[in-house]
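# Okay, here's the prediction I keep looking at, along with the sequence it came from:
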Amino acid sequence: MALRTRFAPSPTGFLHIGGARTALFCHLHARAHGGTTVLRIEDTDRQRSSQAAVDAILEGMRWMGLAPDEGPFFQSDSYQRHLAEAHRLLAEGRAYRCTCSVEDLDAMREEQRQKGLKPRYDGRCRHRDPGQSSDSPSVIRFKTPQSGEVSWHDLIQGDIRFANDELDDLVLVRSDNSPTYNLAVVVDDHDMNITLVLRGEDHISNTPRQIHLLEALGYQRPHYAHMPLLHGSDGAKLSKRHGAVSVLQYRENGFLPAAVNNYLARLGWSHGDQEFFTMEELERLFDVTRLGRSATIFNQEKLLWLNGQHIRTAKPGDLAAELSWHLNRMGLPDPGPERLTVLVPHFQERSKTMVEMAEKCHFLLVDDLPSYDTAAIDHHCTPDLLAPMSKLCDHLQSLDAASWQAGHLETIFKTVLADHGLKMGKLAQPVRIALTGTTVSPGIYETLLLLGRDKSLSRLQLGLKKFFNRTPEGMENPGQ
Ligand code: GLU
């Protein structure tokens, strides 16, 4: 049968990095094996589920490029179907009504504890006549086999077995007539023809219960693969303080989806010693059966390094779209995709995050520089540089827009440097500060070309005035 995997998040919060990893592995494994992905929103816990969380999950998956082939389906839509299957088991004598009250169950557990036994439901309603006390509130429980064992070959964890006497009689339908997680999952996985259940290892203890249930219902058993959980660098289970935040927070922090996907895929999976993978490579090579079993450590530093690598090698047009999102978010002017596509290559080598790229190209997007690095002015704009700076401005002024080219700019710089016996670094820094407000920018000719003639000249003239506190004779006085 063709491979079908599902990602089944509960919409009780945003899509955090651990959930995103499950979604990614479902997607990659399906792509690499010609399969189909299904998204099922498990919204049966009405109290804790919210539309905002559904939206955040969909948006997170969309940003990561993990939109499912089918869905989203909402588990609550199949409510009647889940109940009907529980009633079928009831009718077939494979489930029973249990009228034990919360107090009864508490007393039972307390007694077991005192006897040194593991607290569990003891099956006391199993043999009750179904005709009795039908008015009292009841739950429907599954008749779990009481002897023998259940086992499966987990595609990641290997052979797993549970003794049936370890498992108690599972509640299928609560007293408020709502189906429980285990019932809903088993029925949905069957109805959606899921062939591979890939999920976190925190679900391993549900699997023996689900296998018994699906066998009683006459369903085919899917394959199971339980992924090791993520841990922080201190070895503790990944939490907010380690970076288990929303994937959309990673976007806000300037990470590219390709880098996040690459990083998450490499946690526990490998292909030789290759570290850098494009999404296309992952979609071709990934295989859950090659995942390691041990818990994996989430390392922000490595993610940052990979992000820099992905920024460096991405197509400028793709980065322009992501850069535009950041510019809008940061309230910076967005000159549109065409201009951004031209600017991006000048910053790819220098930016580890998209936030950094937005900050670095900021000076090109605004009409007026909002501020200057005053310490840099004090350090680099010494009075002896007034004359060469003024000369440079004069020469540059004589170039028209068509001659504003690297070769001409270079000739002018060389002339001024030679006339004043200066080294490039000495003159380049005041020029750079005047053009960008800082001492960090692409190469000086590159910067002049990117800014264009008019903006470059007006910033240089303003810089002369600001840094050296006078306006050179014969120059018009813009920027006032
Ligand atoms: N809804 C469950 C969760 O978010 C996942 C269920 C499953 O994968 O079987 O943990």
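Now that the structure is in, tell me what you want to look at.

# Show me what the lowest-mean-pLDDT helix or strand in the chain is packed up against.
When the helices and strands of the chain are scored by mean pLDDT, DSSP states H and E, strand 296-297 comes last with a mean of 84. Applying 3 or more Cβ pairs under 8 Å, 6 or more residues apart in numbering; DSSP states H and E, one finds that strand 296-297 contacts strand 230-231. Where you see a C-beta, it was placed from the backbone N, CA and C, and this is true even at glycine.

# average pLDDT for the strand it packs on?
Averaging pLDDT along strand 230-231 gives 86.

# Give me the contacts around the helix or strand following that strand.
Note on strand 230-231: by DSSP states H and E, the next helix or strand toward the C-terminus is helix 247-252. Residues outside helix 247-252 that contact it (Cβ atoms under 8 Å, 6 or more residues apart in numbering): 14-17, 20, 56, 59-60, 63-64, 257, 260, 325, 329, 355.

# Go again with 6 Å.
Contacting residues not belonging to helix 247-252 are listed as 15, 20, 60, 63, 260 [Cβ atoms under 6 Å, 6 or more residues apart in numbering].

# Please identify which of these is nearest to the ligand.
Nearest to the ligand among those: residue 15, at 10.5 Å, using Cβ to the nearest ligand atom.

# residues contacting the closest one?
Residue 15 touches 57, 60, 247, counting by Cβ under 6 Å, 6+ apart.

# and the last one, how many residues sit next to it?
By the measure other Cβ atoms under 10 Å, the count of residues near residue 247 is 28.

# Lowest-confidence entry in the contacts of residue 15?
Checking pLDDT across the contacts of residue 15, the minimum falls on residue 247 at 93.

# and whichever helix or strand comes after the least confident helix or strand of the chain, what does it pack onto?
Counting by DSSP H and E, the next helix or strand C-terminal to strand 296-297 is helix 300-313. The contact analysis (3 or more Cβ pairs under 6 Å, 6 or more residues apart in numbering; DSSP states H and E) places helix 300-313 against helix 257-266.

# Now do the helix it packs on: everything it contacts.
21, 24, 63-65, 250, 277, 279, 282, 303, 306-307, 310.

# Which one of those is nearest to residue 171?
Closest to residue 171 out of the contacts of helix 257-266 is residue 21 (30.1 Å), distances taken as Cβ to Cβ.

# what's near enough to touch that closest one?
Taking Cβ under 6 Å, 6+ apart as the contact definition, residue 21 lies against residue 264.

# at 7 Å what do you get?
Taking Cβ atoms under 7 Å, 6 or more residues apart in numbering, we find residue 21 in contact with 230, 264, 267.

# One more: residue 140?
The neighbours of residue 140, taking Cβ under 7 Å, 6+ apart as the test, are 86, 90, 95, 97, 172-173.

# ok, now residue 432?
Residue 432 sits next to 439, 441, 444, 447 when contact means Cβ under 7 Å, 6+ apart.

# Output the contacts of helix 257-266 in TSV, with distance to residue 1 and pLDDT appended to each entry.
Formatted as TSV, the contacts of helix 257-266 follow (distance: Cβ to Cβ, whole Å; pLDDT from 0 to 100):
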residue	distance to residue 1	pLDDT
21	26	95
24	23	98
63	32	97
64	27	97
65	26	97
250	36	95
277	29	98
279	27	97
282	24	98
303	37	95
306	36	97
307	39	98
310	36	98
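
# so, if you compare those residues, which one comes nearest to residue 201?
residue 21 (12.2 Å).

# Run through the stretch 101-250 of the chain and note the low-pLDDT ranges.
Applying pLDDT under 70 to the stretch 101-250 of the chain flags the ranges 129-134, 243-244.

# Return the residues of it in contact with the ligand.
Taking Cβ under 6 Å from any ligand atom as the measure of proximity, the stretch 101-250 of the chain contacts the ligand at 185, 199, 203.

# now, which of these sits nearest the ligand?
residue 199 (3.6 Å).

# Name the next helix or strand following the host helix or strand of the closest one along the chain.
Residue 199 is part of strand 196-200 when elements are defined by DSSP H and E. Using DSSP H and E, the next helix or strand after strand 196-200 towards the C-terminus is helix 207-216.

# and that following helix, which residues are buried?
For helix 207-216, the neighbour count (16 or more other Cβ atoms under 10 Å) marks 207-214, 216 as buried.

# and that helix, how far out from the chain's middle?
33 Å (Cα atoms, centre = their mean, to the nearest Å).

# And for stretch 99-117?
Relative to its chain's centre, stretch 99-117 lies at 44 Å (Cα atoms, centre = their mean).

# one step back: nearest to the ligand, of the contacts of residue 21?
residue 230 (14.0 Å).

# Just send the contacts of residue 432 back as a markdown table, with pLDDT, secondary structure and distance to residue 394 too.
Compiled in a markdown table, the contacts of residue 432 are given as follows (pLDDT from 0 to 100; DSSP: H, G, I helix; E, B strand; the rest coil; distance: Cβ to Cβ, whole Å):
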| residue | pLDDT | secondary structure | distance to residue 394 |
| --- | --- | --- | --- |
| 439 | 94 | coil | 24 |
| 441 | 92 | coil | 23 |
| 444 | 97 | helix | 17 |
| 447 | 97 | helix | 19 |
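
# Out of these, who's the most crowded?
Sorting the contacts of residue 432 by how many neighbours each has (other Cβ under 10 Å) puts residue 441 first, at 24 neighbours.

# ok, for residue 371, nearest residue in space, not its chain neighbours?
Leaving aside its sequence neighbours, residue 371 sits nearest to residue 437 (Cβ to Cβ, 6 or more residues apart in numbering; 6.0 Å).

# That neighbour and residue 323, how far apart?
The spacing between residue 437 and residue 323, counted by Cβ to Cβ, to the nearest Å, is 19 Å.

# strand partners of the host helix or strand of residue 96, parallel vs antiparallel please.
Here residue 96 sits within strand 95-98, counting by DSSP H and E. Looking at strand 95-98 with DSSP bridges, its partner strands are strand 139-142 (antiparallel).

# CA atoms only: put the partner strand into PDB for me.
Only the C-alpha atoms of strand 139-142 are listed here, as PDB (Å, rounded to 0.1, in the frame of the first residue of the first chain):
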ATOM      1  CA  VAL A 139     -17.900   5.600  30.800                       C
ATOM      2  CA  ILE A 140     -17.200   3.100  28.100                       C
ATOM      3  CA  ARG A 141     -14.100   1.000  28.800                       C
ATOM      4  CA  PHE A 142     -12.300  -1.300  26.400                       C
END
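
# hang on, the earlier thing: neighbour count winner among residue 437 and residue 323?
Per other Cβ under 10 Å, whichever of residue 437 and residue 323 has more neighbours is residue 323, with 26 against 22.

# Any idea what residue 150 is bridged to?
Legend: beta-bridge partners of residue 150 under DSSP bridges are residue 162.

# I'd say it and residue 210 touch.
No: in this structure residue 150 lies outside contact range of residue 210 using Cβ atoms under 7 Å: 9.8 Å.

# residue contacts, the nearest residue to residue 269 once chain neighbours are set aside?
Distance criterion Cβ to Cβ, 6+ apart; nearest residue to residue 269, sequence neighbours excluded, is residue 291 at 5.2 Å. By Cβ under 7 Å, 6+ apart, residue 291 lies in contact with 156, 227, 268-269.

# follow-up on the earlier one: what's the least confident helix or strand of the chain in contact with?
Contacts of strand 296-297 (Cβ under 7 Å, 6+ apart): 228, 230-231, 233, 267-268.
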